[in-house]
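K.L.:
quick check, what structure comes out for this input:
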Amino acid sequence: MTSRQWIGIALVAAGGLAYYRHSRRQKVVDKARSYEGVTYRLGGSNYETSDCSGMTRNAYRAVGIELPRVARQQRQTGQAVDVSALAPADLVYVRSTGAHDHVGIFGGEDDVIHCSSSKGKCYVDSLARWKRVKILHGARRFL
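P.N.:
All right, here's what the predicted structure looks like:
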């Protein structure tokens, strides 16, 4: 095989890997969006009731990635990413009431999917609003 053929194979493989990552990211986002309207309950992690970290954990389980159960522990794993460089499926953290962390999944564009105790349900919020009214506490990448 010539070096040109090997380069072609490498480019096809790299493109395939990028597509594979994109489709896994989309699967995480789709799973998170499927929680829209689910009732919030601290400690919940199913389609009847869920809290923020229960939803993120289950969304990542859909692609075979096991996250810790609570937001604070999730924030200590994965790869740190700047909020200005978010990609779909990245986890976004804000300081919530007291010393508790709150987590949502970046859905692309301006969407953050999360389960809110104040709204009493899981829903899609605006990242711009999060930046305006909440204290951003970082973002993590798992894909």
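K.L.:
ok, now which ones touch the most centrally placed residue in the chain?
P.N.:
Compute the mean C-alpha point of the chain, and by C-alpha atoms, centre = their mean the closest residue is I105, 3.1 Å away. Contact analysis of I105 by C-beta atoms under 8 Å, 6 or more residues apart in numbering lists 28-29, 32, 55-56, 59, 89-92, 112-114. Where C-beta positions appear, they are placed from N, C-alpha and C, glycine not excepted.
K.L.:
any idea how far the helix or strand hosting it is from the chain center?
P.N.:
Using DSSP states H and E, I105 maps to strand 101-108. The chain centroid and the centroid of strand 101-108 are separated by 5 Å under C-alpha atoms, centre = their mean, to the nearest Å.
K.L.:
again with stretch 129-142
P.N.:
Distance, stretch centre to chain centre, for stretch 129-142: 12 Å (C-alpha atoms, centre = their mean).
K.L.:
just the CA coordinates of it, formatted as PDB?
P.N.:
Presented in PDB, the C-alpha positions along stretch 129-142 are these (Å, rounded to 0.1, in the frame of the first residue of the first chain):
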ATOM      1  CA  ARG A 129     -29.900  33.300  31.300                       C
ATOM      2  CA  TRP A 130     -27.700  31.000  33.300                       C
ATOM      3  CA  LYS A 131     -24.700  33.300  32.700                       C
ATOM      4  CA  ARG A 132     -26.800  36.300  33.700                       C
ATOM      5  CA  VAL A 133     -28.600  35.100  36.800                       C
ATOM      6  CA  LYS A 134     -26.500  32.200  38.100                       C
ATOM      7  CA  ILE A 135     -22.900  31.800  39.200                       C
ATOM      8  CA  LEU A 136     -21.300  29.600  36.600                       C
ATOM      9  CA  HIS A 137     -19.100  27.100  38.300                       C
ATOM     10  CA  GLY A 138     -17.400  25.400  35.200                       C
ATOM     11  CA  ALA A 139     -18.100  22.800  32.600                       C
ATOM     12  CA  ARG A 140     -16.900  19.300  32.000                       C
ATOM     13  CA  ARG A 141     -16.500  17.100  28.900                       C
ATOM     14  CA  PHE A 142     -17.000  13.300  28.900                       C
END
